[in-house]
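Participant: Below is the sequence, then the predicted model.
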Amino acid sequence: MKKLVSAPALFVGAGVLLVIGALLAFWYAPIDASSMGFSQKIFYYHAPIAAAAIAAFGVAFVAAIVYLRTQDLLWDRLGYVSVRIGLLFSILVMITGMIWGKAAWGVWWAWEPRLTTFLLACFLYAAYWVLRSVVDEEQRRATYAAVFAVVAFVDVPITFFATRFLPEGLHPVVVGPGGGGMEGSVALSFAVCLVGMLLLMAALIRRDVEIELIKDRVTDLKTSLGG
Amino acid sequence: MGGWAQFKAIVRKDLIRELRTRDMLVSMILFVILAMIIFHYAFTVEEGSDLTWFTGGMLWVTFIFAMLLGLNRSFAQEKDERCLDGLLLCPVDRVTIFLAKTAGNLVFLLIIQAVAVPVFALFFIERSFLGDLLPFLVVLLLADLGICSLGTLLATISMNTRSRDLLLPILFLPLIVPVLIAATGATTLIFAEGTGFGSLAMRMLFLLGFDAVFLVAAWGTYDFAIGE
């Protein structure tokens, strides 16, 4: 872990890109021509935050598998921290999604597939936290958390797929089949915001892992001092 | 003993233990029928309210909650009497234990459903759905398998924690939502319109996929979940 880029460097990179991304999003990318108009600008935050949340849960998934194979607690710390950051980003997704929903559809909450899936993901990873808090023994807590992280990450896309059985959704499909695609200036602004947000996520995880490791050292020292 | 013999032995043990006392089955059946009565009062707004479009939802919510009760019980006994320690001391593959526990829970769920579904039909379904029994049974089996495999894995984890039965619903309910969506939709369509295999194929395939994914996921992680 130590050999990777340091947390401050990641924070600086994220900060620079997010500022450039904001400038691009508000002054370079055109005002949306459809009914959404200026309120569409939140897209440059909402979607990258969602991507960062999914990426953080992905990191937790990989960390869980590596932990189960190696039983090295470092990976447990990484998984734990990733879930925490992923949860934070998911809550931001819900908030920005609701703001956008109010502007675009006129309601704060719609039972729309993606929003609903994110809401469930929030509850899943909140359950991960509860699970951690009710197991005392270190190794056992790490193992259960890892098993649950694997199952949860597998379940989320399945839930999203299942929501297709429900009545039609409202979400704009921007990229992919049926999507409108993006203009060059929109795509560039979006890409900068996306990379910035992912860097911010990585920086937060990097910093929190360090904090967890320091906490572990403090605990070890206390134990060795007979506290 | 080969894997198959061990599997049979564990399932047999679970069934005999339950059939001797029957406390779990009786409570679960009472719970399921009571839940239907509660649903009737909760959803009937005026004389003769049409509940047809709620039927699938009522049925699966009831089964999922009943299963939560059953799962907690099935592992509480193992834990309290230290049966599980004995089981783990035997030279049995952990995956065999998982499959046997899943099968045992599936049998209990099916017994409950054998009683509950006719009562449910009597209470809520006006048109006869005997002709659509086959697609209904397929949906039932596929959804049950998903509920039992995921439930068994999570119950194994939750029984080893401090809060036990409080934890299981929090872990289980968000994960089971896909099954709930597919099974509820399919069941409601069968009850309301007598929809056959053709239009339910996607949902059935989905349930089959869910079962496969979580059987494999549990297969890979059960070693860790059940502990040393």
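Facilitator: It's in.
Participant: how about stretch A:78-85, does it get close to chain B?
Facilitator: No: on the criterion Cβ under 8 Å from any Cβ of the partner chain, stretch A:78-85 is out of touch with chain B, staying 13.4 Å away. C-betas here are computed from N, CA, C, even on glycine.
Participant: Contacts for that stretch next, please.
Facilitator: Contact with stretch A:78-85 is made by A:56-57, A:59-60, A:63-64, A:67, A:125, A:128-129, A:132, A:145-146, A:149, A:201, A:204-205, A:208-209, A:212, as judged by Cβ atoms under 8 Å, 6 or more residues apart in numbering or on different chains.
Participant: among these, which are in strands?
Facilitator: Among the contacts of stretch A:78-85, the subset assigned to strands under DSSP state E is empty.
Participant: just checking, residue B:144 touches residue B:110?
Facilitator: Yes: if you go by Cβ atoms under 8 Å, residue B:144 and residue B:110 touch, sitting 6.7 Å apart.
Participant: Comparing these two, which residue is more hemmed in?
Facilitator: residue B:144 (22 against 13; other Cβ atoms under 10 Å in any protein chain shown).
Participant: host element of the more buried one?
Facilitator: Taking DSSP states H and E as the definition, residue B:144 sits inside helix B:133-159.
Participant: and the residue of chain B nearest chain A?
Facilitator: residue B:178 (3.8 Å; Cβ to the nearest Cβ).
Participant: picking that back up, give me the distance from the following helix or strand past the helix holding residue B:144 to the chain's centre.
Facilitator: Per DSSP H and E, the first helix or strand lying C-terminal to helix B:133-159 is helix B:167-193. Computed by Cα atoms, centre = their mean, to the nearest Å, the chain-centroid distance of helix B:167-193 equals 11 Å.
Participant: Quick check: buried residues in helix B:167-193?
Facilitator: B:167-192 (16 or more other Cβ atoms under 10 Å in any protein chain shown).
Participant: Could you do stretch A:7-27 as well?
Facilitator: Applying 16+ other Cβ under 10 Å to stretch A:7-27 flags A:7, A:10-11, A:13-14, A:17-18, A:21-22, A:24-25 as buried.
Participant: Other residues contacting it?
Facilitator: Residues contacting stretch A:7-27 (Cβ under 8 Å, 6+ apart): A:41, A:44, A:185, A:188-190, A:192-193, A:195-197, A:199-200, A:202-203, A:206-207, A:210.
Participant: okay, now the nearest residue to the residue of chain B closest to chain A once chain neighbours are set aside: neighbour count?
Facilitator: Nearest residue to residue B:178 in three dimensions, chain neighbours excluded: residue A:162, at 3.8 Å (Cβ to Cβ, 6 or more residues apart in numbering or on different chains). As a burial measure, residue A:162 scores 24 neighbours (other Cβ under 10 Å).
Participant: cool, residue A:154 as well?
Facilitator: 16.
Participant: Could you pull up the contacting residues of the residue in chain A that chain B sits nearest to?
Facilitator: Scanning chain A for the residue nearest chain B gives residue A:162, at 3.8 Å (criterion: Cβ to the nearest Cβ). When contacts are counted by Cβ under 8 Å, 6+ apart, residue A:162 touches B:177-178, B:181-182, B:206.
Participant: Would you mind confirming that the residue of chain B closest to chain A is in contact with residue A:161?
Facilitator: Yes: between residue B:178 and residue A:161 there is a contact at 7.3 Å, judged by Cβ under 8 Å.
Participant: what is in contact with those two at once?
Facilitator: If you check residue B:178 and residue A:161 against Cβ under 8 Å, 6+ apart, the residues they both contact are residue B:206.
Participant: For the helix or strand where residue A:155 lies, buried residues please.
Facilitator: Following DSSP H and E, one finds residue A:155 within helix A:138-162. Of the residues in helix A:138-162, A:140-156, A:158-162 count as buried by neighbour count, 16+ other Cβ under 10 Å.
Participant: and the helix or strand bottoming out on mean pLDDT in chain B, is it in reach of chain A?
Facilitator: The helix or strand of chain B with the poorest confidence is helix B:83-89; it has a mean of 83 (mean pLDDT, DSSP states H and E). No: on the criterion Cβ under 8 Å from any Cβ, helix B:83-89 is out of touch with chain A, staying 14.3 Å away.
Participant: elements contacting that helix?
Facilitator: Packing partners of helix B:83-89 (3 or more Cβ pairs under 8 Å, 6 or more residues apart in numbering or on different chains; DSSP states H and E): helix B:55-80.
Participant: Point out the other elements, helices or strands, that the helix it packs on touches.
Facilitator: Right, helix B:55-80 is packed against helix B:23-43, helix B:83-89, helix B:94-124, helix B:133-159, helix B:167-193 by 3+ Cβ pairs under 8 Å, 6+ apart.
Participant: any idea of the mean pLDDT in it?
Facilitator: Averaging pLDDT along helix B:55-80 yields 88.
Participant: re earlier: list the contacts of the residue of chain B closest to chain A.
Facilitator: Residue B:178 neighbours (Cβ under 8 Å, 6+ apart): A:155, A:158-159, A:161-162, B:206, B:210.
Participant: rerun at 6 Å
Facilitator: Applying Cβ atoms under 6 Å, 6 or more residues apart in numbering or on different chains, we find residue B:178 in contact with A:158-159, A:162, B:210.
Participant: Quick one: name the residues of chain A near chain B.
Facilitator: A:68, A:120, A:123-124, A:127, A:130, A:134-135, A:143-144, A:147, A:150-151, A:154-155, A:158-159, A:162, A:165 (Cβ under 6 Å from any Cβ of the partner chain).
Participant: quick revisit: tell me the two of the contacts of residue A:162 that are most distant?
Facilitator: B:177 and B:206 (12.5 Å; Cβ to Cβ).
Participant: tell me which element residue 19 falls in.
Facilitator: Since you didn't name a chain, this refers to chain A. Here residue A:19 is assigned to helix A:7-23, by DSSP H and E.
Participant: Actually, chain B is the one I wanted.
Facilitator: Going by DSSP H and E, residue B:19 is in helix B:3-21.
Participant: any idea of the angle that helix forms with helix B:55-80?
Facilitator: 100 degrees (axes from the mean of the first three to the mean of the last three Cα atoms, to 10 degrees).
Participant: same question for helix B:3-21, mean pLDDT?
Facilitator: Across helix B:3-21, the per-residue pLDDT values average to 88.
Participant: Can you spell out which helices and strands pack onto it?
Facilitator: Under the contact definition 3 or more Cβ pairs under 6 Å, 6 or more residues apart in numbering or on different chains; DSSP states H and E, helix B:3-21 sits against helix B:94-124.
Participant: And the helix it packs on, what's buried?
Facilitator: Buried residues in helix B:94-124, counted by 16+ other Cβ under 10 Å: B:94-109, B:111-113, B:116-117, B:120-121, B:124.
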